[in-house]
Every structure is written in C-alpha cells, then in structure tokens.
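From the sequence below, what's the structure:
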Amino acid sequence: MVKRRDGRLDEKKIESMGVTLDPQFTQAEGRRSPLNFEDAILIGLFNLDSGQFMDPMSGTKMELSLAVDQKLIDTTSVMIVDPNSGDKVSLEAAIKAGLVDAKTGNFVDPDSEKVIMSMRDAFSAGLIESCYLPETSQVRTDH
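Predicted structure coming up:
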C-alpha cells in the first residue's frame, strides 16, 4: 500500500482493495485530519508486529504514541476491548490507562505491565472495534 520509492500511499492499490480513504484524511490546505486506526492497520501504515506507524505523507516511521501525539491517528475511530474485563475504551484512553503499550502497541496488564497479547493477536481476536462509518464519514459515538 506504500510506495517503496517515496514512502507515500499508493492510492490505486488501496482503492483496488476496496478501502476508500475519505478526503478528510488526506492533506488539504496545508492541514490534514487524522487517519482511522483500523484503516491504518488494513493498508499497512500501522505495523501490527513492530507497533510502528508510518506517516503516509513523509514516510517517517514512529511509535504509536508519537503518531497519536501528532494527531496522525484518530484515537476515537476505534474502541479497544479490555481482554480481562470486556470494557471498551478509546485508543487514547487505552494508552493512558496502560492497557496498550504506547511504544510497541502490545496489550498489557496495567497492574503488572506484562504483555497480555500482541496487537496482531488483539486485532485478529476482534479486540479492536471500528467506530468509523464510511457511508457518513463520521465516527460512531454510541460506544
């Protein structure tokens, strides 16, 4: 999904996969909106194994926390399901609570700080739930 020569998104490949990037997620008038986290995973901008996010405009790789701090990822676009309690919280709240490791993206026990599961396993298990409604270009708020 990312061009090797410049590290930018290959919009034709993304479109062929059936993923539609909303115009609000691309650079417009010098300002861009954050990406839906699930789309970032699906198109390979967030690496589930390394926990690294790649800025689609510059190709720069960074930790999840930096991508969140720089507002490259919309932390309200997904809910994180706590595998122990079943409670759902935003990605940002999960990072702040210590449920998601800000550097690796792994799910951790906030008390012991031990890894519960990788981000890849959590994604496969359905513990990352999309809140983005592509038909309206809005984020669902009825979590």
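
Distance of the most centrally placed residue in the chain relative to Asp111?
When CA atoms, centre = their mean is applied to the chain, the residue found nearest the centroid is Phe37 (2.5 Å). Distance, Phe37 to Asp111, by CB to CB, to the nearest Å: 25 Å. All C-beta atoms are positioned from the backbone trio N, CA, C, and that covers glycine.

The residue nearest to the centre of the chain contacts Met79, correct?
No. Using CB atoms under 8 Å, Phe37 is not in contact with Met79; the gap is 10.1 Å.

Now for the two: what residues contact both?
Shared contacts of Phe37 and Met79, defined by CB atoms under 8 Å, 6 or more residues apart in numbering, comprise Ile128.

In this structure, where is pLDDT below threshold?
1-9, 18-32, 132-143 (pLDDT under 70).

Could you rerun that using 50?
Under the criterion pLDDT under 50, the flagged ranges of the chain are 24-25, 27-29.

need the strands for it, in chain order.
35-36, 52-54, 61-63, 73-74, 78-81, 88-90, 107-108, 115-117, 128-130, 132-133, 138-139 (DSSP state E).

how close does the residue of the chain positioned farthest from its centre sit to Pro83?
Within the chain, the residue lying farthest from the chain centre (CA atoms, centre = their mean) is Ser112, at 24.6 Å. Ser112 is 14 Å from Pro83, where distance means CB to CB.

Right, I'll call it a day here.
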